[in-house]
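>>> Sequence below, structure please.
(one chain, ligands or ions: 1)
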Amino acid sequence: MVDYENLLDRVYSSLPEKKSSSERFEIPQADIFVEGNKTMIKNFDEICSRLRREPREVAKYLFKELATPGQVQGGRLVLQRKLYYKSVNEKIVSYIESCVLCKECKKPDTHTEAYDRNVKLLVCEACGARSPIRI
Ligand SMILES: [Zn+2]
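Residues are numbered from 1 along each chain as shown. Take a look at the predicted model:
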């Protein structure tokens, strides 16, 4: 017979400690790969999950801001133009500033809610502020 309680104890005690949400927010860097006339963001899925945003929402912003069409393909974002590392990362930073960080307390613990056709509400889970944003 296996002692399940002891087994569970061992499993739980070996799990890494949960990261605190007060940990400093690090801006994720896009891992860019240029192939011919296309630019790929290889870690697009990872960036979106760090920002807690739907990939299509982040993609829509980048297509508009970079004036480049593209598509999400297997966790990567493919942009139909040759782009520089710097210009892509600048747009990711501006996305974070305008659509992720709370306008009041500047914390990244936010989510968006549909409001109007071109407007969403940025809802802060830390301070409760609700700010309209254009996406
Ligand atoms: Zn806030």
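
>>> what stretches of the chain score poorly on pLDDT?
The chain contains residues with pLDDT under 70 at 1-23.

>>> One more pass at 50, please.
Of all residues in the chain, none has pLDDT under 50.

>>> Near the ion, which residues of it are found?
Residues of the chain lying near the ion by CB under 5 Å from the ion: Cys102, Glu104, Cys105, Cys124, Ala126, Cys127, Ala129. From N, CA and C alone the C-beta is placed, and that goes for glycine too.

>>> Let's see that with 6 Å instead.
Selection of the chain residues close to the ion by CB under 6 Å from the ion yields Cys102, Glu104, Cys105, Lys107, Cys124, Ala126, Cys127, Ala129.

>>> What about these, which are in helices?
Among the residues of the chain next to the ion, no member falls in helices (criterion: DSSP state H).

>>> For Arg81, give its distance to the ion.
To the ion, Arg81 is 35 Å away according to CB to the ion, to the nearest Å.

>>> My error: substitute Met40 in the last question.
Distance, Met40 to the ion, by CB to the ion: 34 Å.

>>> Tell me what that residue is bridged to.
In this entry, Met40 is beta-bridged to Phe33, Val78, by DSSP bridges.

>>> From what I see, Val93 and Ile27 are in contact.
Yes - shown here, Val93 and Ile27 form a contact pair, counting by CB atoms under 8 Å, at 6.0 Å.

>>> out of the residues of the chain next to the ion, which are buried?
Among the residues of the chain next to the ion, those classed as buried by 16 or more other CB atoms under 10 Å are Cys102, Lys107, Cys124, Ala129.

>>> Now distance to Ala67 too, for those residues, in JSON lines please.
JSON lines is the format used below for those (distance: CB to CB, whole Å):
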{"residue": "Cys102", "distance to Ala67": "28"}
{"residue": "Lys107", "distance to Ala67": "31"}
{"residue": "Cys124", "distance to Ala67": "30"}
{"residue": "Ala129", "distance to Ala67": "31"}
